[in-house]
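>>> got a predicted structure plus its sequence, pasted below:
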Amino acid sequence: MSRKDSQGVVFKALADDRRREILDLLKDGPKTTGELCGCFKRVDRCTVMQHLGVLEGADLVIVKRSGRNRWNYLNVVPVQEIYDRWISQYARPSVELLTRLKRDLE
């Protein structure tokens, strides 16, 4: 899969608010699938597993099995690649403006 295609998959995965919530839960560290399912009171386990499958397909979640547990780890590399390609170049003029403003005020 090309970089362009993989970023499309990442954008689609990030489009759902529940998937973004799962990624937020993984920011603090890996969680088992059971722990993640417990965080969604109104969503059944099957639905959470489907969301995890989409996130894993987009390489945003890395899964490691340990005995009966399925550990889910956040993979920030695809997010960094999107930042590098789409966000940083648009943020640069704002940062440069703030730097000039700070220098002028000093």
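Good, I have the coordinates. Just so it is clear, the structure is predicted and the values come from calculations on it, not from any experiment.
>>> packing partners of the helix or strand of the chain with the lowest mean pLDDT?
When each helix and strand of the chain is scored by mean pLDDT, DSSP states H and E, helix 88-105 comes last, with a mean of 79. Helices and strands touching helix 88-105, by 3 or more C-beta pairs under 8 Å, 6 or more residues apart in numbering; DSSP states H and E: there are none. From N, CA and C alone the C-beta is placed, and that goes for glycine too.
>>> tell me, how many neighbours does the closest residue in space to residue 57 that isn't next to it in sequence end up with?
Residue nearest to residue 57 in three dimensions, not counting chain neighbours: residue 9, with 6.6 Å by C-beta to C-beta, 6 or more residues apart in numbering. When neighbours are counted by other C-beta atoms under 10 Å, residue 9 registers 16.
>>> where does residue 9 sit, in terms of helix or strand?
Here residue 9, judged by DSSP states H and E, is contained in helix 3-14.
>>> and what of residue 71?
strand 69-74.
>>> buried stuff in whatever helix or strand comes next after that strand?
Following strand 69-74 in sequence order, the next helix or strand is helix 77-82 (DSSP H and E). Residues of helix 77-82 classed as buried: 78, 82 (neighbour count, 16 or more other C-beta atoms under 10 Å).
>>> before we move on, back to that, quick one: mean pLDDT over the helix holding residue 9.
Across helix 3-14, pLDDT averages out at 85.
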